[in-house]
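**Q** no sequence on this one, just coordinates:
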């Protein structure tokens, strides 16, 4: 079962990404799987991938983060 703290962190990350001026970041998925936060989706370049990771990490420093975001148009 997912704790309320993890649900809150996941929600806060989703909110932060959805507020981004960069459209691809607003489209990313944020899930909780195997005791870690997982970022998924596709962005245009590595800068956007790194930016999404840093946004998530700034909110969930105490939870392991897995960045599975793909780079490139597809």
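**A** Right, received. Where do you want to start? Remember, predicted model here, so these are calculated numbers, not experimental data.
**Q** Show the pLDDT at the residue nearest in space to the middle of the chain.
**A** Geometric centre of the chain, nearest residue: residue 39, 4.0 Å, by C-alpha atoms, centre = their mean. Residue 39 carries a pLDDT value of 98.
**Q** Ok, the one 3 residues further on next?
**A** On pLDDT, residue 42 comes in at 97.
**Q** And residue 2, by the same measure?
**A** pLDDT, residue 2: 59.
**Q** For residue 33, what are phi and psi?
**A** With angles defined as degrees, to the nearest 10, residue 33 sits at phi -150, psi 130.
**Q** same question, residue 8
**A** phi -70, psi -40.
**Q** which secondary structure elements does the one helix or strand the residue nearest to the centre of the chain maps to contact?
**A** Following DSSP states H and E, one finds residue 39 within strand 36-40. For strand 36-40, the packing partners by 3 or more C-beta pairs under 8 Å, 6 or more residues apart in numbering; DSSP states H and E come out as helix 4-18, strand 29-33, helix 46-59, strand 64-67. Yep, even glycine has a C-beta here, placed from its N, CA and C like the rest.
**Q** Buried residues of the third one, list them for me.
**A** Pointing back at helix 46-59 there. 48, 49, 51, 52, 55, 56, 59 (16 or more other C-beta atoms under 10 Å).
**Q** Where is pLDDT lowest across those?
**A** Ranked by pLDDT, the buried residues of helix 46-59 bottom out at residue 59 (93).
**Q** Which residue, other than its chain neighbours, is closest to residue 36?
**A** residue 64 (3.9 Å; C-beta to C-beta, 6 or more residues apart in numbering).
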